[in-house]
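Chemist: Need the 3D shape of this:
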Amino acid sequence: MNGRNVHYRIINGYKLIQAPKDSKSSMLSDNWKGWVYEHTYFAEKQLGRKLYSNEEVHHLDGNKLNNRYENLVVLLKSSHNKIHSWINRGSPYRSETSPIRDCKVCGVCLQKKQKKYCSTKCRVIDNNLSLLEVDKLTEVIKSSKSMEQVARLYGVSSNAIRKRCNKLNISYKELLKSSAPSKQTLNLNKDT
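Modeler: Okay, the predicted model is just below:
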């Protein structure tokens with residue numbers, strides 16, 4: 001995943017992510033084009049193929065947000081329905097799992113061995129931001145026209161820059177206002 005502004009949404013208790021380039025499927029509705037259920041994405045990635053129309057992904061521990069590979073199993077729809085009927089009738093099955101963690105940068109569910117980041121790219125993005133100190137960030141914002149321009153410079157989202165500013169107690173709105181040309185300057189430029 002990259003440093004885009006919106007990384008995931010929760011719908012009916014399931015996590016949706018913006019479909020990565022290697023995603024085999026995405027939502028069909030016009031409102032959700034480009035989004036994919038995270039559990040479906042990870043199951044397809046593990047299988048190396050798109051799910052068949054008669055297959056569904058089941059969360060072994062019953063937690064719809066725990067999308068670790070070891071918690072997902074692909075079943076035929078009929079088998080999946082039977083399992084849920086059995087669970088709903090009072091199955092004694094319960095599973096102990098470790099806490100679910102999301103990537104510090106993009107919000108994707110971390111797999112078992114991942115500690116803070118889902119990818120090298122996310123680690124690099126976070127490290128680049130953590131190197132930005134007050135003086136340097138203030139200087140860059142003052143010399144920029146927008147937060148988007150600063151974000152492009154560091155290869156992250158404008159939201160990541162805003163979060164870093166907040167962490168360093170930098171009033172980025174004031175800095176952007178002070179760096180913007182005044183109306184008088186703009187009017188003079190029109191006359192010349």
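
Chemist: All the strands of this structure, in order from the start?
Modeler: Assigned by DSSP state E, the strands in the chain fall at 8-11, 14-18, 35-37, 55-59, 72-76.

Chemist: Could I get these in JSON lines, plus columns for mean neighbour count?
Modeler: All C-beta spots, glycine's among them, are computed from the backbone N, C-alpha and C. Converted to JSON lines, the strands of the chain look like this (neighbours: other C-beta atoms under 10 Å):
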{"stretch": "strand 8-11", "mean neighbour count": "13"}
{"stretch": "strand 14-18", "mean neighbour count": "21"}
{"stretch": "strand 35-37", "mean neighbour count": "20"}
{"stretch": "strand 55-59", "mean neighbour count": "18"}
{"stretch": "strand 72-76", "mean neighbour count": "16"}
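
Chemist: closest one to G48 among these?
Modeler: strand 72-76 (11.9 Å; C-beta to C-beta).

Chemist: Which strands or helices does the closest one pack on?
Modeler: Packing partners of strand 72-76 (3 or more C-beta pairs under 8 Å, 6 or more residues apart in numbering; DSSP states H and E): helix 38-47, strand 55-59.

Chemist: again, only using 10 Å
Modeler: helix 38-47, strand 55-59, helix 77-88 (3 or more C-beta pairs under 10 Å, 6 or more residues apart in numbering; DSSP states H and E).

Chemist: Distance to K167 and mean pLDDT added to those, as a markdown table?
Modeler: Converted to a markdown table, the helices and strands packed on strand 72-76 look like this (distance: least, C-beta to C-beta, whole Å; pLDDT from 0 to 100):
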| stretch | distance to K167 | mean pLDDT |
| --- | --- | --- |
| helix 38-47 | 27 | 92 |
| strand 55-59 | 34 | 93 |
| helix 77-88 | 43 | 84 |
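
Chemist: Pipe those into TSV and attach distance to C118 per row.
Modeler: Below are those laid out as TSV (distance: least, C-beta to C-beta, whole Å):
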stretch	distance to C118
helix 38-47	11
strand 55-59	18
helix 77-88	27
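
Chemist: what's the distance between Y14 and E56?
Modeler: 12 Å (C-beta to C-beta, to the nearest Å).

Chemist: so I100 sits right up against G107, yeah?
Modeler: No: using C-beta atoms under 10 Å, I100 is not in contact with G107, being 11.8 Å away.

Chemist: For stretch 61-75, measure first residue to last.
Modeler: 15 Å (C-alpha to C-alpha, to the nearest Å).

Chemist: returning to what we had before: quick check: neighbours shared by I100 and G107?
Modeler: Residues touching both I100 and G107 (C-beta atoms under 10 Å, 6 or more residues apart in numbering) are K15.

Chemist: out of those two, which sits in the busier spot?
Modeler: Neighbours were counted for I100 and for G107 using other C-beta atoms under 10 Å; G107 has more, 18 against 15.
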